[in-house]
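S.K.: fold the following and give me the result.
(one chain, ligands or ions: 1)
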Amino acid sequence: MITLDHVTVQYPEVTPLDEVDLTFEPGTTAVMGPSGSGKSTLLRVISGMQRPTSGAVAIDGVSVAAASWRSAGDPRVSLIHQDYRLVPFLTVAQNMLLAAELRGVRRSGADVGAMLERVGLPPSMGRRLPTKLSGGQQQRVAIARALLAGTSVLLADEPTGALDVDNTERIADILVELGRRDGLVVVVATHDPRVAERMDHRIQLARGKLVAAP
Ligand SMILES: Nc1ncnc2c1ncn2[C@@H]1O[C@H](COP(=O)(O)OP(=O)(O)OP(=O)(O)O)[C@@H](O)[C@H]1O
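M.R.: Okay, here's the model as predicted:
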């Protein structure tokens, strides 16, 4: 469970998160709201990549670890993006193993294949370069990479923003299953109402404030 306690992120001109109190349980939650309402900031704060100006963020009662020269944030959390962010000159398997290694998690080639199958891709795809895959396949690899690294909290920032309707459906299916079957806490920032309606809960941000709770 993720808890935010009076979390504020303040810049000189804007306050993208303003005294936010929020809880995310295992399962999927869509975070909606207009552009600039603070959705990406919320995900960065949960991941530990950004320290809030004030307030506390914890996962299962333990404060999220802030990013440092040693890590890109809390090792329990993975963040996936609209543009997938796979390393283009490494194979799919190397991308996945590198992420696990950076977390200090040892994984085998068999683990990579099993994780690819879990997101509906053949294990043989591990040998391909990400640039040779479709957008939907790349996003599934990004999810498999997060799972291989042992994440228990999966954050997704507009994960279907660059995908067509069919691939959007597939990614939404995978996220829902990870929440329901595997008990991950999945938080999805999205502008797409079709994605949001598939999630277990929906929240809405407006100018850094929560305007509708689940
Ligand atoms: N480093 C920064 N310095 C100053 N202002 C910032 C910084 N990062 C974000 N902001 C501002 O904070 C506000 C919230 O940004 P954020 O990216 O969280 O919004 P968002 O809801 O994710 O928007 P979008 O839907 O367009 O991705 C915006 O007004 C943005 O300009």
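
S.K.: and Pro75, how close does it get to Thr151?
M.R.: Distance from Pro75 to Thr151, counting by C-beta to C-beta, to the nearest Å: 8 Å. Just so you know, the C-beta spots here come from the backbone N, C-alpha and C atoms, and that holds for glycine as well.

S.K.: of the two, which one has the most company?
M.R.: The residue with more neighbours, out of Pro75 and Thr151, is Thr151; 25 against 18, by other C-beta atoms under 10 Å.

S.K.: nearest residue to the more buried one other than its sequence neighbours?
M.R.: Among residues not flanking Thr151 along the chain, Ser78 sits closest, at 4.0 Å (C-beta to C-beta, 6 or more residues apart in numbering).

S.K.: may I have the phi/psi pair for that neighbour?
M.R.: Ser78 adopts backbone torsions of phi -130, psi 140, taken as degrees, to the nearest 10.

S.K.: for the one 3 residues further on, same thing?
M.R.: The main-chain torsion angles of His81 are listed as degrees, to the nearest 10 and equal phi -130, psi 160.

S.K.: bridging residues for it?
M.R.: Asp157 (DSSP bridges).

S.K.: re the thing from before, show me the contacts for the residue nearest to Thr151.
M.R.: 47, 99, 145-146, 149, 151, 153-155 (C-beta atoms under 8 Å, 6 or more residues apart in numbering).

S.K.: so which bits of the chain are right by the ligand?
M.R.: Residues of the chain lying near the ligand by C-beta under 6 Å from any ligand atom: 11, 14, 16, 33, 35-41.

S.K.: now render those residues as a markdown table, adding distance to Glu197 and secondary structure.
M.R.: Conversion of the residues of the chain next to the ligand to a markdown table gives the following (distance: C-beta to C-beta, whole Å; DSSP: H, G, I helix; E, B strand; the rest coil):
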| residue | distance to Glu197 | secondary structure |
| --- | --- | --- |
| Tyr11 | 32 | coil |
| Val14 | 29 | coil |
| Pro16 | 25 | coil |
| Gly33 | 16 | coil |
| Ser35 | 20 | coil |
| Gly36 | 23 | coil |
| Ser37 | 19 | coil |
| Gly38 | 21 | coil |
| Lys39 | 17 | helix |
| Ser40 | 21 | helix |
| Thr41 | 24 | helix |
